[in-house]
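J.: Predicted model and sequence below, questions to follow.
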Amino acid sequence: MTMYTRNEALMCKVFPSSLSPVAMRWFDGLRERSIDSYEELTRAFGARFVTCSRVLRTLDSLLALLMREGETLKTYSDRYWELYNKLDGNFEDVVVRTFKSGLPTESDLWESLTMKPARNMRQLMDRIDEHKRVEDDQAQIKGKVKGFHDRKDNRFNKTGGN
């Protein structure tokens, strides 16, 4: 006879309440006494239902990432951090030293990081945020100027002449 700990017994009772109908059919179909612990239950469940395991990336995939032509700094940094979070390992020191390698050399941020390199992840992220704000401000100004030039000057288009 298998003896469950108090927590395992509770978990085995609560576990079915979180299942979808398909998973519940699987659970109900388990042979009696085929599972000896909650750990074994979670392993069996994972083997049956967990198909999307996180694919870990290597550092070289991050180092090969480049900012695309016409891409905003915000989009590039979002892609960069998303990929960074998929890396297997802690590479903060490498990221701090290499983030700029994916930036175009004519980028203001590239120049800033070349003149005064970030010493840690916080400094790097602060510098990126600062340049993203400038980029956003420039885009807003450009949009306002474009909107201003696109409007017709109606002062001289009144009926009956100038």
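T.: Arrived safely. These numbers come from a predicted model, not from an experiment.

J.: Listing request: residues of the chain with sub-threshold pLDDT.
T.: Flagging of the chain using pLDDT under 70 yields the residue ranges 1-13, 15-16, 51-56, 145-162.

J.: Spell out which residues make up each domain of the chain.
T.: Domain ranges of the chain: 6-49, 59-149, per automatic domain parsing.

J.: Now find how far off-centre the last one is within its chain.
T.: Looking back up the chat, that one is domain 59-149. Distance of domain 59-149 from its chain centroid, counting by Cα atoms, centre = their mean, to the nearest Å, is 14 Å.

J.: need the helices for this structure, in chain order.
T.: Counting by DSSP state H, the chain has these helices, from start to end: 6-14, 21-28, 38-49, 59-63, 73-84, 92-98, 108-115, 121-150.

J.: Single out the most deeply packed of the domains of the chain.
T.: Ranked by mean neighbour count under mean count of other Cβ atoms under 10 Å, the domains of the chain are led by domain 59-149, which reaches a mean of 14. Quick note: C-beta positions are derived from backbone N, CA and C, even for glycine.

J.: So Arg57 is in contact with Leu83, correct?
T.: Yes: between Arg57 and Leu83 there is a contact under Cβ atoms under 8 Å: 6.2 Å.

J.: Show me the contact partners of stretch 121-140.
T.: 72-74, 77, 92, 95-96, 99, 108-109, 112-113, 118 (Cβ atoms under 8 Å, 6 or more residues apart in numbering).

J.: Next, find the distance separating Asp60 from Asn90.
T.: As judged by Cβ to Cβ, to the nearest Å, Asp60 and Asn90 stand 16 Å apart.

J.: scratch that, Ile35
T.: Applying Cβ to Cβ to Ile35 and Asn90 gives a distance of 36 Å.

J.: Check Pro21 too.
T.: Distance of Pro21 to Asn90, computed by Cβ to Cβ: 41 Å.

J.: List the residues that contact the residue nearest the centre of the chain.
T.: Of all residues in the chain, the one closest to the mean position by Cα atoms, centre = their mean is Glu82, 3.5 Å from it. Applying Cβ under 8 Å, 6+ apart to Glu82 gives no contacts.
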